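A.B. asks: quick one, structure for this:
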Amino acid sequence: MAKLSKRVKAYQDKVDKDKKYTLAEACGILKECASTKFDESVDLAFYLGVDPRHAEQMVRGSVALPHGTGKDVRVVVLCNSDAQVQEAKDAGAVEAGGDEIVEKITAGWTDFDSLVAAPDMMAAVGKLGRVLGPRGLMPSPKAGTVTPKVGDAVADIRKGKIDYRVSKDANIHVPVGKVSFSADQIRENAASVIESIIKGRPSSCKGTYMKACTISSTMGPGFKLDIASL
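C.D. replies: Model prediction:
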């Protein structure tokens with residue numbers, strides 16, 4: 001049997017693997033179990049009762065976290081007009097432009113967290129699916145990342161707006177903050193995401209929609225949430 005580290009031993013008595021926690025309970029204990037030397041991320045993981053192979057059961061959307069992600073988000077903007085380029089940079093985009101950025105991405109560059117595109121760039125974006133798709137970076141109108149108001153989109157993302165999309169295995173993973181946040185801040189961020197995903201239930205989904213939901217920090221244990229309480 002593998003020897004348990006001091007960190008794992010320290011939180012072992014605080015975690016009941018068989019219990020399903022309320023969100024408030026989980027957020028409080030999660031902070032107590034975080035003892036690494038860096039500011040761990042806090043993530044929600046969902047397992048949904050949908051079949052993403054069918055377009056009508058695709059679950060995707062965006063939500064603004066009340067307290068942000070705690071991360072300096074790198075946003076890139078694809079646009080043609082000089083006015084939009086300036087607007088994007090004024091809002092904090094790390095890069096903004098047209099064909100030159102498309103060429104960089106085509107060559108494999110993905111050193112950013114979110115991509116915003118002006119509507120007239122969508123023909124070019126469609127050709128980038130092979131690079132952007134597997135990394136979850138494809139912009140979409142539904143997520144608010146395809147818009148003529150590129151500056152507003154960049155500002156929203158940098159303030160804490162995040163996108164989510166169900167995977168082919170019916171899972172969704174979403175960052176909801178850092179362990180340095182207060183328990184209430186983590187709870188409020190997580191509650192915003194949970195509410196958004198519940199509202200995003202496809203009408204064609206039959207039976208149980210949210211089958212499981214877990215919250216965890218990067219190096220800490222996972223806490224199974226009581227679905228009924230959500």
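
A.B. asks: list the buried residues for stretch 115-123?
C.D. replies: Of all the residues in stretch 115-123, those buried under the rule 16 or more other Cβ atoms under 10 Å are 115, 116, 117, 118, 121. In short, each C-beta sits where N, CA and C put it, glycine included.

A.B. asks: can you give me the offset of that stretch from its chain's centre?
C.D. replies: Offset of stretch 115-123 from its chain centre (Cα atoms, centre = their mean, to the nearest Å): 21 Å.

A.B. asks: same question, stretch 127-135
C.D. replies: On Cα atoms, centre = their mean, the centre of stretch 127-135 falls 17 Å from that of its chain.

A.B. asks: got the buried residues for it?
C.D. replies: Neighbour-count burial for stretch 127-135 [16+ other Cβ under 10 Å]: 128, 131, 132.

A.B. asks: now render those residues as TSV, adding secondary structure and distance to residue 222.
C.D. replies: Conversion of the buried residues of stretch 127-135 to TSV gives the following (DSSP: H, G, I helix; E, B strand; the rest coil; distance: Cβ to Cβ, whole Å):
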residue	secondary structure	distance to residue 222
128	coil	34
131	helix	31
132	helix	29
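
A.B. asks: could you single out the nearest of the residues you listed to residue 71?
C.D. replies: Distance to residue 71 across these (Cβ to Cβ) is lowest for residue 132, with 19.6 Å.

A.B. asks: hang on, the closest one packs against residue 115?
C.D. replies: Yes. Between residue 132 and residue 115 there is a contact at 6.7 Å, judged by Cβ atoms under 8 Å.

A.B. asks: intersection of neighbour lists for those two?
C.D. replies: residue 138 (Cβ atoms under 8 Å, 6 or more residues apart in numbering).

A.B. asks: re the thing from before, could you dump the buried residues of stretch 127-135 to CSV with distance to residue 82?
C.D. replies: Listed next are the buried residues of stretch 127-135 as CSV, based on distance: Cβ to Cβ, whole Å:
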residue, distance to residue 82
128, 22
131, 26
132, 25
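
A.B. asks: just give me the closest of these to residue 20.
C.D. replies: Nearest to residue 20 among the buried residues of stretch 127-135, with distances taken as Cβ to Cβ, is residue 132, at 36.4 Å.

A.B. asks: got a list of what that closest one touches?
C.D. replies: 105, 110, 115, 125, 138.

A.B. asks: which ones among those map onto strands?
C.D. replies: Counting by DSSP state E, the part of the contacts of residue 132 found in strands is residue 115.

A.B. asks: which one (most neighbours) among the contacts of residue 132?
C.D. replies: Most neighbours among those, by other Cβ atoms under 10 Å: residue 115, with 23 neighbours.

A.B. asks: name the helix or strand for the residue positioned nearest the centre of the chain, please.
C.D. replies: Residue closest to the average C-alpha location in the chain (Cα atoms, centre = their mean): residue 174, at 3.6 Å. Counting by DSSP states H and E, the element that carries residue 174 is strand 171-178.

A.B. asks: select the longest helix from this protein.
C.D. replies: helix 183-199 (DSSP state H).

A.B. asks: other SSEs contacting it?
C.D. replies: If contacts are counted by 3 or more Cβ pairs under 8 Å, 6 or more residues apart in numbering; DSSP states H and E, helix 183-199 sits against helix 23-33, strand 41-48, strand 60-64, strand 161-165, strand 171-178, strand 210-217.
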